[in-house]
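S.K.: Fold the stuff below for me.
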Amino acid sequence: MAQQGLDIAPPPRKKELNQENKTSTTKRKPTKVANARARSSAITFNQMAESDKVQFNKRVTQATADGFEILAIKTKKKVPDLIAEGLELLEAKYGKV
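M.R.: Reported below is the predicted structural model:
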């Protein structure tokens, strides 16, 4: 049986550059406007952190992730709060780290 798939068009071909276009692609000296844009894009941000929270990225099984989501819905808590509560329970069982 033949495999059925999507009929996807090939990507468009790149235009061939002729001599006129090649000369226009050479590097140019930045203009005053380009320099002003570069200076304005180098803005520093002075945002203060709202709290001492950090992002916690760990890979878990889909069942574990679903379990946390369902518990969050049932208990009307947020997943980070459940993780913190889980840490407290584990520390009570195994001792503080």
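S.K.: What's the separation between Lys53 and Gly67?
M.R.: Remark: distance between Lys53 and Gly67 (C-beta to C-beta, to the nearest Å) = 22 Å. The way it works is simple: take the backbone N, C-alpha and C, and place the C-beta from them, glycine included.
S.K.: Those two: which has the busier surroundings?
M.R.: The neighbour count for Lys53 versus Gly67, taken as other C-beta atoms under 10 Å, is higher for Gly67 (13 against 8).
S.K.: With only the CA atoms kept, save the host helix or strand of that one in CSV.
M.R.: If you go by DSSP states H and E, Gly67 is part of helix 62-75. Output of helix 62-75 as CSV, limited to C-alpha atoms (Å, rounded to 0.1, in the frame of the first residue of the first chain):
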residue,chain,number,x,y,z
GLN,A,62,3.6,12.9,31.3
ALA,A,63,1.6,11.1,34.0
THR,A,64,3.5,13.0,36.7
ALA,A,65,2.8,16.3,35.0
ASP,A,66,-0.8,15.4,34.5
GLY,A,67,-1.0,14.4,38.2
PHE,A,68,0.3,17.7,39.3
GLU,A,69,-2.2,19.6,37.0
ILE,A,70,-5.1,17.5,38.3
LEU,A,71,-4.1,18.0,41.9
ALA,A,72,-3.8,21.8,41.3
ILE,A,73,-7.3,21.9,39.9
LYS,A,74,-8.8,19.7,42.7
THR,A,75,-7.1,21.7,45.5
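S.K.: what does that helix contact?
M.R.: By C-beta atoms under 8 Å, 6 or more residues apart in numbering, the list of residues contacting helix 62-75 from outside reads 77-79, 82-83.
S.K.: JSON lines for these, including neighbour count?
M.R.: JSON lines is the format used below for these (neighbours: other C-beta atoms under 10 Å):
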{"residue": "Lys77", "neighbour count": "13"}
{"residue": "Lys78", "neighbour count": "10"}
{"residue": "Val79", "neighbour count": "13"}
{"residue": "Leu82", "neighbour count": "16"}
{"residue": "Ile83", "neighbour count": "13"}
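S.K.: nearest to Glu16, of the residues you listed?
M.R.: Comparing those against Glu16 with C-beta to C-beta places Val79 closest, at 54.1 Å.
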